[in-house]
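Asks: The following comprises the amino acid sequence and a computationally predicted model.
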Amino acid sequence: MNHATPQVGAPVCTFTQLLSSTRRGARLARLLAVTELRSWGAPQDLTERAELVVAELAANAVLHGRVPGRCFRLTLVLDPATGRLRIEVSDARGDLRPLPRPTDPAPDALPTGGRGLTLVTALADHWDCAPYPPSGKTVRAVLSCPRAESPRTPRPPLRGRSEVPLRAPAIPGLPPRRDL
């Protein structure tokens, strides 16, 4: 369900879609979220962060929340008045609830999974998990965007011929990538 495009003083915009619990469904969730946020006129920074959060939550729903024959649900709620975006991904496995990874694991500890929720923690203002009756769960993340009336700080021009930085900025809590 899609509602009106946000404007100053406009009502809350919502989008909800059921998607197959497959890798293709997770990819489609990310693409739909970006398309919807762009159609609402959401700021680029918010759209980019939301794209990563939706990708991680949808992938987790497919990998850990899949029940054969059941879909997962993506919901986006943008409130232009408060500058907040709520992302919800609901799946059918309420018995498997996500837990944030410790920020400083023991040096000799072996990794037991990916870093998806660490990424969500770094990009979102906060996230949590709630029951989704009758037997599922909903993982919710809230992202805020800067107010439209606040002036943007101009970035200094990059040196050289390329306008694209060679390295992505570091994400707090994640080790730097060494493959670049």
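Replies: Ah, there it is. Numbers count the residues shown, from 1 in each chain.
Asks: Which parts of this structure are strands?
Replies: For the chain, applying DSSP state E gives strands covering 13-19, 72-79, 84-91, 126-132, 136-144.
Asks: Of these, which is nearest residue 39?
Replies: Closest approach to residue 39 among those (Cβ to Cβ): strand 13-19, 9.1 Å. The C-beta positions use only the backbone N, C-alpha and C, and glycine is treated the same way.
Asks: Mind naming the longest helix for this structure?
Replies: Determined from DSSP state H, the single longest helix within the chain is helix 44-64.
Asks: That one to strand 84-91, inter-axis angle?
Replies: With axes from the mean of the first three to the mean of the last three Cα atoms, to 10 degrees as the basis, helix 44-64 and strand 84-91 are set at 10 degrees to each other.
Asks: buried set for helix 44-64?
Replies: 46-47, 49-62 (16 or more other Cβ atoms under 10 Å).
Asks: nearest to residue 38, of these?
Replies: Using Cβ to Cβ, these come closest to residue 38 at residue 47, 6.3 Å.
Asks: give me the number of residues near the residue found closest to residue 73 once you drop the neighbours it is linked to in the chain?
Replies: The shortest distance from residue 73 to any non-neighbouring residue, by Cβ to Cβ, 6 or more residues apart in numbering, is to residue 90 (4.3 Å). Residues lying near residue 90 (other Cβ atoms under 10 Å) number 23.
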